[in-house]
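Colleague: kindly generate the corresponding structure for this input.
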Amino acid sequence: LFGIPGVELTFDKPVTIALSVGSIANGATLTVWRSPDATSPWTQAGLSSPTCVVSGGLCTFDTTLASRFTATRKKPTITIGVNPTSLIAGNSTILTWSTTNATSCTASGSWSGTKATAGTQTFPNLTPNQTYTHTCAPKRGQSVTGSATVTVSPSTADTTPPSAPSNFAGVAASQTQANL
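Modeller: Sure thing, here's the model as predicted:
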């Protein structure tokens, strides 16, 4: 939190504020907020941009209104789904996922390994129910997990009796033909 308690300054031209957030946040995109006294509602009014990228431990932004400032980390989000969501064993599903504010992802459950922050993957010849879990994390901060399940029903056996062949003609071999 930075600022002068109870004082709100207005500038004719934007001024640059460098908010110290620590070098651990270097490279992170933070959301900038301002409040007249830190107890009033937080707003982004007067800010040239609602975000800053931390460099050298500083969140630098321009504003025409000065009061109390804070910068918060954007939380990662994940969207994940399968299509179709239910099918008969032996068929395929397509898994689609996307994230925001994440830099790395890993898969678990019915799949595994390091994954991109967005993508699609086809899973063929499925057997009973599959759950695909995707965990993604920002450069620094708390990770987020999403999962999608496909319901796989067993294939039904064909119980139709075979039919007798028809329209076949044959010639019986003679004994002399068979003894050659």
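
Colleague: any idea how far Asp12 lies from Thr43?
Modeller: Separation of Asp12 from Thr43 (CB to CB, to the nearest Å) stands at 20 Å. Every C-beta, even on glycine, is put in place using the N, C-alpha and C of the backbone.

Colleague: neighbour-wise, which of those two wins?
Modeller: Neighbour totals were compared for Asp12 and Thr43, and Thr43 leads with 13 against 6 (other CB atoms under 10 Å).

Colleague: which one's the longest strand in the chain?
Modeller: In the chain, with assignment by DSSP state E, the single longest strand is strand 9-20.

Colleague: in contact with Gln44, which residues?
Modeller: Listed by CB atoms under 8 Å, 6 or more residues apart in numbering, the contact set of Gln44 reads 32-34, 50.

Colleague: from those residues, list just the buried residues.
Modeller: Among those, the ones that count as buried by 16 or more other CB atoms under 10 Å are 32-34.

Colleague: looking at those, which is nearest Pro138?
Modeller: Using CB to CB, Val32 comes nearest to Pro138 of those, at 17.1 Å.

Colleague: point out where this structure drops to low pLDDT.
Modeller: For the chain, applying pLDDT under 70 flags the ranges 1-7, 140, 157-160, 164-180.

Colleague: can you give me the helices for it?
Modeller: Taking DSSP state H as the test, the helices found in the chain are 175-178.

Colleague: what segments of it are strands?
Modeller: Using DSSP E, the strands of the chain run over 2-3, 9-20, 29-35, 51-53, 58-66, 68-73, 77-83, 86-88, 93-100, 104-109, 113-115, 118-123, 130-137, 144-153.

Colleague: farthest pair within the contacts of Gln44?
Modeller: Taking CB to CB, no two of the contacts of Gln44 sit farther apart than Arg34 and Pro50, at 10.4 Å.

Colleague: quick one on the thing from earlier: what's the closest of the strands of the chain to Pro162?
Modeller: Counting by CB to CB, and looking across all of the strands of the chain, nearest comes strand 86-88 at 22.7 Å.

Colleague: neighbouring strands for that closest one, and are they parallel or not?
Modeller: strand 144-153 (parallel) (DSSP bridges).

Colleague: sweet, I'm off.
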